[in-house]
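Undergrad: Fold the following and give me the result.
(one chain, ligands or ions: 1)
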Amino acid sequence: MNTKEGYLKFNCVWEDASFDFPDNLFETINPWRNKLHEKGLVGCNSEGIGYGNVSIKTSDGRFIITGTATGHKKTLSKNDYALITGYNISENRVFCTGRTRASAETMSHAAVYESNGTITSVIHIHQLQLWNNLKGVLPTTDAAIEYGTPQMAFEIMRLFKETGVSRQGIFVMGGHEEGIISFGKNLDEAGKVILEYFKSLGK
Ligand SMILES: [Zn+2]
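TA: Numbers count the residues shown, from 1 in each chain. Coordinates of the predicted model:
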């Protein structure tokens, strides 16, 4: 049992099997993921730990997300994605199918989809300079709340209720260093908001 109060270990119920991944969705999500990887916004750090993930909603309301431990790969195939078939935020439990398991940050994506039914795409990136610049300027989750906890998911839902985040399409994860999330009615919208801020750094 973790000693941190209210902390529940992320629990991924994984079915190691391929799933039906429509070509049009793959051809939408994959170029964006590769572009974000090229810019270092999704990738893996010097310790080999992957960061950042991209997801897209399916026509039946579930979502497909980049798999865990894919950050080191320059380009991905369909096998590097997982279909989220269900989740329980309070129990910090995710059900997924794929040849790779879903990331511990899946719940943050789920919280965004839960908060606004018009959102079809979510991007989570890591960028220290942007995080420092935008923390407290854009809607920001409470710094005391760590990623991968049910509290983070509830905190994201609070932002949607209490701030203009739906309009802005982007927020900062205050308790997750470097972590920023954007979203949109489509993936281009979610990607563009990130790239515009990234460009503002002169990158
Ligand atoms: Zn992260």
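Undergrad: What about residue 192, how many residues nearby?
TA: 14 (other CB atoms under 10 Å). C-beta: built from backbone N, CA, C; applies to glycine.
Undergrad: Could you check how far it is from residue 35?
TA: Separation of residue 192 from residue 35 (CB to CB, to the nearest Å) stands at 11 Å.
Undergrad: tell me the secondary structure for residue 79?
TA: What DSSP: H, G, I helix; E, B strand; the rest coil gives for residue 79 is helix.
Undergrad: is the residue most central in space within the chain in a bridge, and if so with what?
TA: Residue closest to the average C-alpha location in the chain (CA atoms, centre = their mean): residue 124, at 3.9 Å. Judged by DSSP bridges, the bridge partners of residue 124 are residue 53, residue 181.
Undergrad: pretty sure it contacts residue 107?
TA: No: the criterion here is CB atoms under 8 Å, and residue 124 misses it with residue 107 at 11.0 Å.
Undergrad: shared neighbours of those two, anything?
TA: When CB atoms under 8 Å, 6 or more residues apart in numbering defines a contact, no residue borders residue 124 and residue 107 alike.
Undergrad: show me what contacts residue 115?
TA: By CB under 8 Å, 6+ apart, the neighbours of residue 115 are 156, 157, 159, 160, 161, 166.
Undergrad: now with 7 Å?
TA: Applying CB atoms under 7 Å, 6 or more residues apart in numbering to residue 115 gives the contacts 156, 157, 160.
Undergrad: next one: residue 70
TA: Going by CB under 7 Å, 6+ apart, the list of residues near residue 70 reads 50, 76, 80, 100.
Undergrad: Those residues in strands, which ones?
TA: residue 50 (DSSP state E).
Undergrad: For the contacts of residue 70, give me a markdown table that also has neighbour count and distance to residue 202.
TA: As requested, the contacts of residue 70 are exported to a markdown table (neighbours: other CB atoms under 10 Å; distance: CB to CB, whole Å):
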| residue | neighbour count | distance to residue 202 |
| --- | --- | --- |
| 50 | 19 | 26 |
| 76 | 19 | 28 |
| 80 | 18 | 31 |
| 100 | 19 | 35 |
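Undergrad: right, and out of the contacts of residue 70, which lies closest to residue 147?
TA: The closest of the contacts of residue 70 to residue 147 turns out to be residue 50 (CB to CB; 13.5 Å).
Undergrad: Which residue comes closest to the closest one once chain neighbours are left out?
TA: residue 71 (2.5 Å; CB to CB, 6 or more residues apart in numbering).
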